[in-house]
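Enquirer: Generate coordinates for the sequence data below:
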Amino acid sequence: MKVLITGGAGFIGQHTCHALVKAGHDVRILDVLDPQIHGPDAQFPESLRTVAECIRGDVRDTSLCMSSLAGADAVLHLVARTGVGQSMYDIADYAETNVSGTAALLEAIVKSRASIKRLVLSSSRAVYGEGLYSCSIHGLLHPSLRDRGPLDTGDFQVRCPHCAQIITAVPTPETCPTDPLSLYALTKLQQEHLCLWQAKTFGTPVTVLRYFNVYGSGQSLRNPYTGVVSIFFSLLRGNRALSLYEDGLPIRDFVHVSDVVQANVKALAAEDLPTDTYNIGSGHVSTIADVARSLGLAIGVEPQMEYRGEYRVGDIFACYADISKAEATLGYQMTMSLQDGMKEFAAWAEHQESMDLYERTVRELSEHGLFGRARSHRGP
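Expert: Numbers count the residues shown, from 1 in each chain. Presented below is the predicted three-dimensional model:
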């Protein structure tokens with residue numbers, strides 16, 4: 001195949017590009033090389049230029065998308081502004097890039113009459129909001145945004161809306177209702193709707209992959225909004241304490257980039273696959289504290305963890321993936337444990353330049369009323 005990867009110079013895009021080339025496919029990359037991710041003087045790295053056709057440009061340019069689609073058999077659409085916190089105040093930028101950019105790409109597919117056999121969209125677990133929970137009395141529940149009142153008292157747990165008891169997170173399947181709680185999540189859900197509309201209207205086969213918390217070598221160490229692993233690494237390298245939001249209790253599903261690449265390649269190469277949506281995660285529970293300990297172990301540092309009762313407004317408490325559908329239909333398998341994945345990330349990151357921008361993120365969130373600290377807090 002000839003595959004167009006939008007956002008192909010990014011973290012997931014570069015790994016996927018190399019996997020596709022290794023499998024015998026031709027790759028073309030369209031990427032704007034956003035300075036926040038790639039730095040102020042970014043160029044396509046030689047490792048990409050030698051294996052793929054690289055086009056620098058904005059996915060919102062429909063004409064550029066049309067020319068980039070020439071001869072393409074499949075498209076992996078990765079372009080998106082990422083980061084939940086930043087999306088809550090850079091609203092227009094996120095909407096323009098994520099929603100208008102996707103619309104421009106779809107318009108280009110229609111107007112260029114490109115014979116696209118598969119469009120794979122990288123979506124996000126953020127579209128669910130909170131994941132699925134179970135109450136011993138009321139069964140399965142999908143709670144919405146937590147009130148700030150309990151958070152301000154240091155009560156971070158999710159409670160049953162009917163009986164107020166603490167409820168337990170369970171694997172979240174694709175059938176779970178969506179409830180985007182951030183602007184980022186809302187734009188990812190709109191991307192899904194646009195692509196599914198394209199499939200229904202024009203017959204373009206679409207596969208939506210809802211990535212959970214992706215990490216691994218190659219992720220940006222200069223963008224503080226790309227994930228907690230990069231933030232923790234910068235702090236640990238600087239011998240600084242880790243202030244764990246919500247006492248490190250929140251539950252996530254950390255999936256290594258190699259497994260996400262596996263899902264991308266399988267989805268792009270699948271024949272006669274009906275348009276559908278799949279969770280791509282590990283299927284395992286990790287608390288934020290687990291991640292800190294695993295990363296510390298990987299780099300040989302004992303994390304100094306502080307519990308200040310801090311939280312981000314609009315953040316969820318728990319969501320982890322039910323991956324049984326991807327396993328059964330795509331042949332997807334989780335292969336990288338959190339411990340081994342952190343070793344892989346740390347071995348790469350030790351030789352990279354990182355930037356400790358944690359305090360900047362706290363300041364920006366605070367300026368917009370998105371950062372809180374419990375008034376009375378005793379720690380975990």
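Enquirer: quick one: S68 and L4 touch, right?
Expert: Yes: proximity of S68 to L4 meets the contact threshold set by Cβ atoms under 8 Å, at 5.8 Å. In this view, the C-beta of every residue, glycine as well, is placed from N, C-alpha and C.
Enquirer: Of these two, which one has the most company?
Expert: Using other Cβ atoms under 10 Å, the more surrounded residue of S68 and L4 is L4, with 28 against 25.
Enquirer: State the phi and psi torsions of C163.
Expert: phi -120, psi -10 (degrees, to the nearest 10).
Enquirer: If I follow the layout properly, it ends up in contact with C135?
Expert: Yes: when contacts are counted by Cβ under 8 Å, C163 is listed as touching C135 (6.9 Å).
Enquirer: More neighbours: those two, which one.
Expert: Neighbours around C163 and C135, counted as other Cβ under 10 Å, are more numerous at C135. The numbers are 19 against 11.
Enquirer: And the more buried one, what's its pLDDT?
Expert: We have a pLDDT of 98 for C135.
Enquirer: Also E359?
Expert: E359 is assigned a predicted lDDT (pLDDT) of 79.
Enquirer: The one 5 residues further on too?
Expert: At E364, the model reports a pLDDT of 87.
Enquirer: tell me what the helix or strand where it lies is packed against?
Expert: Assigned by DSSP states H and E, E364 belongs to helix 358-367. Contacts defined by 3 or more Cβ pairs under 8 Å, 6 or more residues apart in numbering; DSSP states H and E place helix 358-367 against helix 84-87, helix 228-237.
Enquirer: how far off helix 228-237 does it point, in degrees?
Expert: 130 degrees (axes from the mean of the first three to the mean of the last three Cα atoms, to 10 degrees).
Enquirer: show me where the stretch 251-380 of the chain has helices.
Expert: Taking DSSP state H, counting those that start in this stretch as the test, the helices found in the stretch 251-380 of the chain are 257-269, 288-299, 324-330, 338-349, 358-367.
Enquirer: so of the ones you listed, which one's packed in deepest?
Expert: Mean neighbours per residue, mean count of other Cβ atoms under 10 Å, is largest over those for helix 257-269, with a mean of 22.
Enquirer: State the pLDDT value of the residue nearest to F202 when sequence neighbours are not counted.
Expert: Spatially, and ignoring its direct neighbours in sequence, F202 is nearest to V110 (6.1 Å; Cβ to Cβ, 6 or more residues apart in numbering). Note for V110: predicted pLDDT of 97.
Enquirer: quick one: V110 and W348, what's the gap?
Expert: 40 Å (Cβ to Cβ, to the nearest Å).
Enquirer: same thing with H38?
Expert: Separation of H38 from W348 (Cβ to Cβ): 17 Å.
Enquirer: go on, L69?
Expert: Between L69 and W348 the distance is 33 Å, computed by Cβ to Cβ.
Enquirer: repeat for T204
Expert: Counting by Cβ to Cβ, the gap from T204 to W348 is 36 Å.
Enquirer: do the same with D26
Expert: In terms of Cβ to Cβ, D26 sits 27 Å off from W348.
Enquirer: any weak-confidence spans in the chain?
Expert: 224-225, 356-357, 376-380 (pLDDT under 70).
Enquirer: top helix in it by residue count?
Expert: helix 183-202 (DSSP state H).
Enquirer: residues of it that come out buried?
Expert: Residues 183-192, 194-196, 198-199 are the ones in helix 183-202 that count as buried (16 or more other Cβ atoms under 10 Å).
Enquirer: Out of the residues you listed, which comes closest to V208?
Expert: E192 (5.4 Å; Cβ to Cβ).
Enquirer: residues in contact with that closest one?
Expert: 121, 123, 127, 208, 277 (Cβ atoms under 8 Å, 6 or more residues apart in numbering).
Enquirer: want to throw the residues you listed into CSV with distance to F254 and secondary structure?
Expert: Converted to CSV, the contacts of E192 look like this (distance: Cβ to Cβ, whole Å; DSSP: H, G, I helix; E, B strand; the rest coil):
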residue, distance to F254, secondary structure
L121, 21, strand
S123, 17, strand
V127, 18, helix
V208, 21, strand
T277, 21, strand
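Enquirer: For these, name the two members farthest from one another.
Expert: Checking the contacts of E192 with Cβ to Cβ, the most distant pair is L121 and V127, at 11.4 Å.
Enquirer: coming back round to it: TSV please, covering the helices and strands packed on helix 358-367 and showing mean neighbour count and distance to T62.
Expert: Below are these laid out as TSV (neighbours: other Cβ atoms under 10 Å; distance: least, Cβ to Cβ, whole Å):
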stretch	mean neighbour count	distance to T62
helix 84-87	23	24
helix 228-237	22	33
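Enquirer: who are the neighbours in contact with the closest residue to E350 other than its chain neighbours?
Expert: Once flanking residues are discounted, E350 sits nearest to I299: 7.0 Å by Cβ to Cβ, 6+ apart. Applying Cβ under 8 Å, 6+ apart, we find I299 in contact with 233, 236-237, 346, 350.
Enquirer: switch to 10 Å and redo it
Expert: 232-233, 236-237, 342-343, 345-347, 349-350 (Cβ atoms under 10 Å, 6 or more residues apart in numbering).
Enquirer: quick one, helices of the stretch 51-200 of the chain?
Expert: Using DSSP H, counting those that start in this stretch, helices in the stretch 51-200 of the chain cover 62-68, 84-87, 91-94, 101-112, 148-152, 183-202.
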